[in-house]
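> Model the structure of this input:
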Amino acid sequence: MTDQPRQDAIEQAWRDLVTTARRTAAEGLVVGTSGNVSIRVGPLVLVTPTGVAYDRLTPEDVVAVDLDGRQVLGELRPTSELPLHLEVYRNTDAGAVVHTHAVHATAVSTLVPVLPSIHYMTAALGGPVRVAPYALYGTDELAGNMLRALEQRTACLLQNHGTVAYGDTLDQAYDRTAQLEWMCRLWLAASSVPGHTPTLLSGSQLSEVADKLRGYGQQP
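The predicted structure follows:
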């Protein structure tokens, strides 16, 4: 049986989660109480609660479930999108998940089945970003659709709904969310110019980028 995480680890993870959730609102990726954020701490998944504004969350409001969805910490009910978050953790090595209703990404989800490869950062998300078919929010059907769209990807769009991105950390999951929204905005802007069709990157060009990205940033 996996040991329970230390209390100080849970407290720090909750602080980080609330900070990230507030950031999604401050940067316009969600409105009101839409969207949700989670982080894995050992056998537990800490998640934002349903229907509570992020600026009202306190250290005492921590909400945690196990991978079967049983609530083990907190009095507030978990996000209604809990099935979506749990499906990511059960099937990937994710350390954190961010779900938003970002405007440009949601607009693109209503137009195409796959976000066209408008920019080389497509490679940073594993390849062309797919759109998961629409299903009612909070359902196992939506979680299943999302999981198929995430195959060999770290982000996807949810049709007529929003975005999902995961990463090793909250910062990485958030950065992937922001990159996805930016790429959607870029494609909408380029494709709206009358008489012009945006150039797109080929599979071989994206593979070349993926290889180069492996050495990106500060290396130990």
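
> so how far is R153 from the residue of the chain positioned farthest from its centre?
Distance from the centre of the chain peaks at G195, with 34.2 Å (C-alpha atoms, centre = their mean). G195 sits 33 Å away from R153, going by C-beta to C-beta, to the nearest Å. C-beta: built from backbone N, CA, C; applies to glycine.

> same question, Y120
16 Å.

> These two: who's more crowded?
Remark: of Y120 and R153, R153 carries more neighbours, 19 against 16, as counted by other C-beta atoms under 10 Å.

> ok, the more buried one - contacts?
125-127, 129-130 (C-beta atoms under 8 Å, 6 or more residues apart in numbering).

> tell me the secondary structure for it?
coil (DSSP: H, G, I helix; E, B strand; the rest coil).

> how far away is it from A64?
Taking C-beta to C-beta, one finds R153 at 27 Å from A64.

> Based on its surroundings, how many neighbours for A135?
18.

> Quick check, pLDDT for T2.
Turning to T2, the model gives it a pLDDT of 54.

> Please read the previous query as pertaining to G217.
Looking at G217, its pLDDT reads 60.

> for H104, same thing?
At H104, the pLDDT value in this model is 98.

> Now do the buried residues in the host helix or strand of it.
If you go by DSSP states H and E, H104 is part of helix 103-109. Judged by neighbour count (16 or more other C-beta atoms under 10 Å), helix 103-109 contains these buried residues: 103-106, 108-109.

> After it, which helix or strand is next?
Counting by DSSP H and E, the next helix or strand C-terminal to helix 103-109 is strand 131-132.

> Give the other helices and strands that that next one contacts.
Packing partners of strand 131-132 (3 or more C-beta pairs under 8 Å, 6 or more residues apart in numbering; DSSP states H and E): helix 140-149, strand 155-158.
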